[in-house]
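Undergrad: next comes the sequence, and after it the predicted model I'd like to discuss.
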Amino acid sequence: MRVAVVDCGTNTVRLLIADAGPDGVLTEVVRDLRFARLGEGVDATGSFRPDALDRTFSALDDYATIIHDSKVDKVRFVATSAARDVSNREDFYAGVRTRLNVDPDVISGEEEAELSFLGALAGGPLQGDPDTSVLVIDIGGGSTELIRGTASGHVDAAVSLDMGSVRIRERFVDHDPPEPTEVSATRQFINDMLDTSPVSLAEIGVWIGVAGTMTSLSGMHQGLQAYDRTKVHNSVMTQAQIDTLTNHLVCLPVPQIIHDYPSLPPQRAEIIGTGALICAEIARRVRQPVMIRETDILDGAAQKLVRS
């Protein structure tokens, strides 16, 4: 069986096409990412901007062609934080249906967290006991998912917090680089959100970070001249390394970040500092290294689609 999953988030639109073997293991056929910034301005206005919809629909036009040419058996379109509460989401729904011939599935924060956990574990076996406590984080543009479970795949607790790299940038940062007061306010907001989280960050056996913020930070930390998924997958960053990189990023203007870190897509440079701040504040609480994986919500949604 060949399945396709499109994940439409606040900052990016992504496509995964994969073949499922008899054992259910997925083999990647296509993986693609476009920076559509669907959620640009949503935190302030509560609606999708026309230009954001146009960028998103342009990406979906391309994806529709790829999916058709790949002779896919099942398709699922998942939309996350940006699409949950907007006033004009029917315009978005209609555009998705027209292009992909499927109903968009605006998933809850709980399902988003579950799929991220499933995708993270799909990246390979973990050392230790099956009951080892595992924390998975997914720092998106509009929200951050925290999922705690076990290495065997059982989810104990999950939450989707309304803090993401785009949302925080738009709410707290008006200068480039951010002023110290803006960084301080951002850190305070992140910690206030973490204080209310039902997911405990104490006594974690394995910490895994997935999706664009985490994979980008790994590539930057490694000094990659060009992004290389094979070097990022299962790479590790310590709390001290996260702090050092974060403190450096929030002192740099966006053009300097683009110049200094060639592996970072320029479209992510504007928001990588706020994404790093979220990671750094989580790291202060977990107090152990994070493993970065390339498998994420796309892989989790594909696995679930195969089983449906």
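TA: That came through fine.
Undergrad: low pLDDT regions in the stretch 51-200 of the chain?
TA: Applying pLDDT under 70 to the stretch 51-200 of the chain flags residues 81-82.
Undergrad: walk me through the domains of this structure.
TA: According to the domain assignment given by automatic domain parsing, the chain is divided into the following structural domains: 2-106, 119-293.
Undergrad: for those, give me a markdown table that also has distance to residue 304.
TA: All C-beta spots, glycine's among them, are computed from the backbone N, C-alpha and C. Compiled in a markdown table, the domains of the chain are given as follows (distance: least, Cβ to Cβ, whole Å):
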| stretch | distance to residue 304 |
| --- | --- |
| domain 2-106 | 8 |
| domain 119-293 | 10 |
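Undergrad: could you dump those domains into CSV and include mean neighbour count and distance to residue 306?
TA: As requested, the domains of the chain are arranged in CSV below (neighbours: other Cβ atoms under 10 Å; distance: least, Cβ to Cβ, whole Å):
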stretch, mean neighbour count, distance to residue 306
domain 2-106, 18, 4
domain 119-293, 19, 12
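Undergrad: residue 302: which of the ones you listed is closest?
TA: In this view, these are compared for proximity to residue 302 by Cβ to Cβ, and domain 2-106 is the closest at 4.9 Å.
Undergrad: next, the distance between the ends of the closest one.
TA: For domain 2-106, the separation between the terminal residues is 22 Å (Cα to Cα, to the nearest Å).
Undergrad: nearest to residue 113, out of the domains of the chain?
TA: Set against residue 113 and scored by Cβ to Cβ, these come closest in domain 119-293, at 3.6 Å.
Undergrad: helices of this structure, start to end?
TA: Listed in chain order, the helices found in the chain under DSSP state H are 42-45, 50-69, 89-100, 109-121, 165-172, 180-195, 212-221, 229-232, 239-249, 254-260, 266-286, 297-307.
Undergrad: and residue 307, which of the domains of the chain is closest to it?
TA: With respect to residue 307, and counting by Cβ to Cβ, the nearest of the domains of the chain is domain 2-106 at 7.4 Å.
Undergrad: gap between the closest one and the chain center?
TA: A distance of 14 Å separates the C-alpha centroid of domain 2-106 from that of its chain, computed with Cα atoms, centre = their mean, to the nearest Å.
Undergrad: and the helices of the chain: which comes nearest residue 156?
TA: Taking Cβ to Cβ as the criterion, helix 109-121 is the member of the helices of the chain that comes nearest to residue 156, at 10.0 Å.
Undergrad: list the buried ones in the closest one?
TA: Neighbour-count burial for helix 109-121 flags 109, 111, 112, 113, 114, 115, 116, 117, 118, 119, 120, 121 (criterion: 16 or more other Cβ atoms under 10 Å).
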